[in-house]
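A.B. asks: I need the structure of the sequence given here:
(one chain, ligands or ions: 2)
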Amino acid sequence: MAKTAVLGFPRMGKKRELKKALEKYWRGEINKEELLEVASALRVAHWRLMQEHQLGIIPSNDFSFYDQVLDTTCMVGAVPERYNWNDGDIDLDLYFAMARGKKNDNQNIPAMEMTKWFDTNYHYLVPEFKENQEFKLYALKAVREFEEAKAMGIHTRPVLLGPVSYLLSGRMVDGAASVLTLLPLLLPVYEAILDKLAEAGADWIQMDEPCLVLDRAEDVAAAVHKTYKQLSSVDSRWKIQLTTYFGGITNYLNDIVNCPIDGLHVDLVRAPEQLDQVLEIIRPDQQLSLGVINGRNIWRSDLGIFIPMIEKAITKLGENNVIISSSCSLLHVPFGLEEETELDEEIKSWLCFAKEKMDEIVLLGKVGTQGKSVIADELTKRQAAVQFRRKSEKVNQLRIKERGRKVTARMLARNAPFNERKKMQQEKFRLPLLPTTTIGSFPQTQSVRLKRRDLKSGKLNQEAYQQFLKEETRKCIAFQEEIGLDVLVHGEFERTDMVEYFGEHLDGFVFTKNGWVQSYGSRCVKPPIIYGDVERKEPMTVAWSSFAQSLTKKPMKGMLTGPVTILQWSFVRDDQPRKDTCQQIALAIRDEVADLERAGIHVIQIDEPALREGLPLKKTEWPAYLKWGVDCFRLASAGVKNETQIHTHMCYGDFEDILDAIAAMDADVISIEASRSDMVLLTAFGEFKYPNDIGPGVYDIHSPLVPEKEAIINRMKKAMAVMAVEQLWINPDCGVKTRNWPEVNDALHNMVAAAKELRGQIKISG
Ligand code: GLN
Ligand code: ZN
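C.D. replies: Ligands and ions are numbered 1, 2, ... in the order given. This is a model prediction of the structure:
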């Protein structure tokens, strides 16, 4: 039998126990001991569960109170200066201060910056390094957790984030030196922790180096070589499994195999083609871990396709040197299916969460010298479910597929070019210079959320709920008229979430009750599952937008979520290319756009905040992705008359490197997040000569601080220095659903006042 393993397990617990305990602790409702107890109980439960599932290799140190990169920062003592750390213990309060910021007698100490972990929806805390950064071994969490499992009689394989990926996940706060210059200072700390782990009885160590799936860079290759030469213990006190995931590593294969590492893990879900090359080059005494069970989606695997791979590896290396594993940590999938009592039974039979994925791994582990006959019956049974899904009418609808095939280039383009459309739109809307608008949502207050809860629990009937939403919308529109905004929105009170709302109205989506995955810290998301061909049953937003338009003479903006964002924030089917699923969503949105236009909504915003985050990890794959992503946006938006004004909105991230694609979307107006970079971003748009209209966000909606009128004027002046004033709109950075009404009132008042003052100044000088 081959060995079996997972690279990590979801941390939150079956019922998100960790999330609840963390938030209670932060609110002061439980003490430190109680929090530690919950955490320990979860680790113990998860180890037991893996043991019960007969998993061979069980990970430890995959648990975290907040984030594994922050844990590594604590391990090596790289606490940024502003936390006034005195070199002592890094206790939980300091740890959470780094994660979430802290108030110190009137002084705000900001949290460390957060950013996305590769192409997942998990966010980590970005390490901050100085030149000649001092590293010292501090937190012994890895050792403690190894010992904790050992005390239960479970011998685990500790997980460490490898030094190269750790450094590359961080940034230098001073100077321009590469983070990799710090490697010689960091490696002794890793040697020390490996030493301590070995002393505690660990043998194999899982060292994660996902940076190896990125484009090759010579300095990274050299760093990896140096690291694993130095860390592979001469006297074999420990064994290192160099662990890579989220893509193929053939770019680095020679550098890796030349290191004296004892084992290698490769992701064969994202890059199955690398197996042959890996097998050719790996030494017969090295272990190979085959990442065959997808740690990034929720589908049952087609196990049959892995059997030849496993057999090939066993032939070359022998059963003892082959491990069957998840492609990456199971952190990115929900806990288990047993809570999903309300899911359609057929659809449920196609799904596979972390717990069920362990069963798949263990089953494949039985393919050994005895061959697949040992598991033939079980395999046949599982294969049947996969086959049913493939053939199910729930999944494949000829009519929808046919429509996709009939999409023509003509459908992707507006009738007239932007400059002609702009004249017609000006004629129609007669907006002032520097028009003002907002991004869509208004405060989702406690009362909105309570009403929604009451509706769910049956306390409130549908009619009363709708009445309540209408009232909120009415107030929101009256408010916008009163403060003098130019293009209004309805406020999105009927939506919990910008993707969920559309998923609930489209065919081909299901929602789970408990399918949570960690996004950052205690925050979890429950992505919809796209299981089948997507189609719009009936208009999704027209009634709300028409109702809103009936309350005002000003233009009302219809609000839609774009196809790429809906795709990106869902679990996507794996039986057809992502771009085909995206195109189906685009067609559904196109229908909605047409209905909105017909209903008299002539400004329509299609949000694409996730366009940038969908970029593939390897740059060579960017153009293909951007091509279909932009085409899908155009398919969704281009079916309207020239006079109809299409807006889009983007936030989260730098857009400098995808300006071509943004311009190719050909939205009449784009609103983007720009205030956090203090309009620096706009310079890039200016230099690019971005042709269409643009609304740079003039204040950060994530902060409760109300922007002063003067600050907004200054920001707009910066924008006017790089873009023509006729091109510019004034709006916040994003929707204001997380803010309260007094903040929104003051902020938007100042924003409109700033617009008026700027218009006055321009009139005088012009
Ligand atoms: N229209 C959405 C809102 O205002 C956009 C949200 C987003 O960009 N994340 O809430
Ligand atoms: Zn936004």
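
A.B. asks: so which residue is dead centre in the chain?
C.D. replies: The residue lying closest to the centre of the chain (C-alpha atoms, centre = their mean) is residue 121, at 1.9 Å.

A.B. asks: that one: what secondary structure?
C.D. replies: Following DSSP: H, G, I helix; E, B strand; the rest coil, residue 121 is assigned to coil.

A.B. asks: show me which residues of the stretch 451-600 of the chain sit near ligand 1.
C.D. replies: Residues of the stretch 451-600 of the chain found near ligand 1 (C-beta under 6 Å from any ligand atom) are 492, 498, 559. C-beta coordinates here come from the backbone N, C-alpha and C atoms, glycine included.

A.B. asks: next: the stretch 651-766 of the chain.
C.D. replies: 651, 734-735, 737.

A.B. asks: pick the one among those residues closest to residue 552.
C.D. replies: Nearest to residue 552 among these is residue 735, at 19.1 Å by C-beta to C-beta.

A.B. asks: the closest one is in contact with residue 443, isn't it?
C.D. replies: No: applying C-beta atoms under 8 Å as the test, residue 735 and residue 443 come out as separate, 9.9 Å apart.

A.B. asks: comparing the two, which residue is more hemmed in?
C.D. replies: residue 735 (25 against 22; other C-beta atoms under 10 Å).

A.B. asks: what's the distance between that one and ligand 2?
C.D. replies: 6 Å (C-beta to the ion, to the nearest Å).

A.B. asks: so which helix or strand takes in that residue?
C.D. replies: Using DSSP states H and E, residue 735 maps to neither a helix nor a strand.

A.B. asks: picking that back up, pipe the residues of the stretch 651-766 of the chain next to ligand 1 into CSV and attach pLDDT per row.
C.D. replies: Below are those laid out as CSV (pLDDT from 0 to 100):
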residue, pLDDT
651, 89
734, 95
735, 96
737, 95
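
A.B. asks: sort out which of these are buried, if you could.
C.D. replies: Buried residues within these, counting neighbours by 16 or more other C-beta atoms under 10 Å: 651, 734-735, 737.

A.B. asks: and of the residues of the stretch 451-600 of the chain next to ligand 1, the nearest to ligand 2?
C.D. replies: residue 498 (8.9 Å; C-beta to the ion).

A.B. asks: contact partners for the residue of the chain found nearest ligand 1?
C.D. replies: Using C-beta to the nearest ligand atom, the closest approach of the chain to ligand 1 is made by residue 735 at 1.9 Å. Contact analysis of residue 735 by C-beta atoms under 8 Å, 6 or more residues apart in numbering lists 438-442, 492, 701.

A.B. asks: which ones are touching residue 344?
C.D. replies: If you count contacts by C-beta under 8 Å, 6+ apart, then residue 344 has 394, 510 around it.

A.B. asks: apply 10 Å and report the result again.
C.D. replies: 350, 394, 510, 531 (C-beta atoms under 10 Å, 6 or more residues apart in numbering).

A.B. asks: next, find the distance separating it from ligand 2.
C.D. replies: Per C-beta to the ion, residue 344 is found 33 Å from ligand 2.

A.B. asks: in the longest helix along the chain, what counts as buried?
C.D. replies: For the chain, the longest helix by residue count, based on DSSP state H, is helix 741-765. For helix 741-765, a neighbour-count test (16+ other C-beta under 10 Å) marks 743-745, 747-748, 750-752, 754-755, 758 as buried.

A.B. asks: and stretch 475-482, by the same measure?
C.D. replies: Neighbour counts over stretch 475-482 (16+ other C-beta under 10 Å) mark 476-477, 479-480 as buried.

A.B. asks: same question, stretch 252-260
C.D. replies: Per 16+ other C-beta under 10 Å, stretch 252-260 contains these buried residues: 252-253, 255-257, 259-260.

A.B. asks: which strands or helices does the helix or strand containing residue 276 pack on?
C.D. replies: Per DSSP H and E, residue 276 falls inside helix 274-281. Under the contact criterion of 3 or more C-beta pairs under 10 Å, 6 or more residues apart in numbering; DSSP states H and E, helix 274-281 touches helix 253-257, strand 263-267, strand 287-293, helix 307-317.

A.B. asks: dump these to a markdown table, plus mean pLDDT and distance to residue 4.
C.D. replies: What follows is the helices and strands packed on helix 274-281, written out as a markdown table (pLDDT from 0 to 100; distance: least, C-beta to C-beta, whole Å):
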| stretch | mean pLDDT | distance to residue 4 |
| --- | --- | --- |
| helix 253-257 | 88 | 23 |
| strand 263-267 | 97 | 13 |
| strand 287-293 | 98 | 10 |
| helix 307-317 | 94 | 11 |
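
A.B. asks: need those in TSV with distance to residue 59, can you?
C.D. replies: Output for the helices and strands packed on helix 274-281, formatted as TSV (distance: least, C-beta to C-beta, whole Å):
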stretch	distance to residue 59
helix 253-257	21
strand 263-267	12
strand 287-293	12
helix 307-317	21
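
A.B. asks: which one of these lies closest to residue 242?
C.D. replies: Closest approach to residue 242 among the helices and strands packed on helix 274-281 (C-beta to C-beta): strand 263-267, 5.3 Å.

A.B. asks: let me see the ranges of the helices in the stretch 501-650 of the chain.
C.D. replies: Using DSSP state H, counting those that start in this stretch, the helices of the stretch 501-650 of the chain run over residues 542-549, 563-568, 578-598, 622-637.

A.B. asks: which of the residues in the longest one are buried?
C.D. replies: Read that as helix 578-598. 578-593, 595-597.

A.B. asks: would you reformat the helices of the stretch 501-650 of the chain as CSV and include distance to residue 346?
C.D. replies: CSV is the format used below for the helices of the stretch 501-650 of the chain (distance: least, C-beta to C-beta, whole Å):
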stretch, distance to residue 346
helix 542-549, 32
helix 563-568, 23
helix 578-598, 20
helix 622-637, 29
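
A.B. asks: would you list those in JSON lines and tack on mean pLDDT?
C.D. replies: Below are the helices of the stretch 501-650 of the chain laid out as JSON lines (pLDDT from 0 to 100):
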{"stretch": "helix 542-549", "mean pLDDT": "98"}
{"stretch": "helix 563-568", "mean pLDDT": "98"}
{"stretch": "helix 578-598", "mean pLDDT": "98"}
{"stretch": "helix 622-637", "mean pLDDT": "98"}
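
A.B. asks: for residue 682, give me its contacts.
C.D. replies: 672, 674, 690, 694, 696, 715-716, 718-723, 728.

A.B. asks: which of those residues lies closest to residue 93?
C.D. replies: residue 674 (34.7 Å).

A.B. asks: list, one by one, the residues from the stretch 1-150 of the chain near ligand 1.
C.D. replies: Counting by C-beta under 6 Å from any ligand atom, the stretch 1-150 of the chain has no residue next to ligand 1.

A.B. asks: how about the strands in the stretch 1-150 of the chain?
C.D. replies: 3-5, 58-60, 102-104, 107-109, 114-116, 123-125, 128-129 (DSSP state E, counting those that start in this stretch).

A.B. asks: picking that back up, closest one to residue 84 among the helices of the stretch 501-650 of the chain?
C.D. replies: Shortest distance between residue 84 and the helices of the stretch 501-650 of the chain, using C-beta to C-beta, is found for helix 563-568: 39.3 Å.

A.B. asks: perfect, that will be all.
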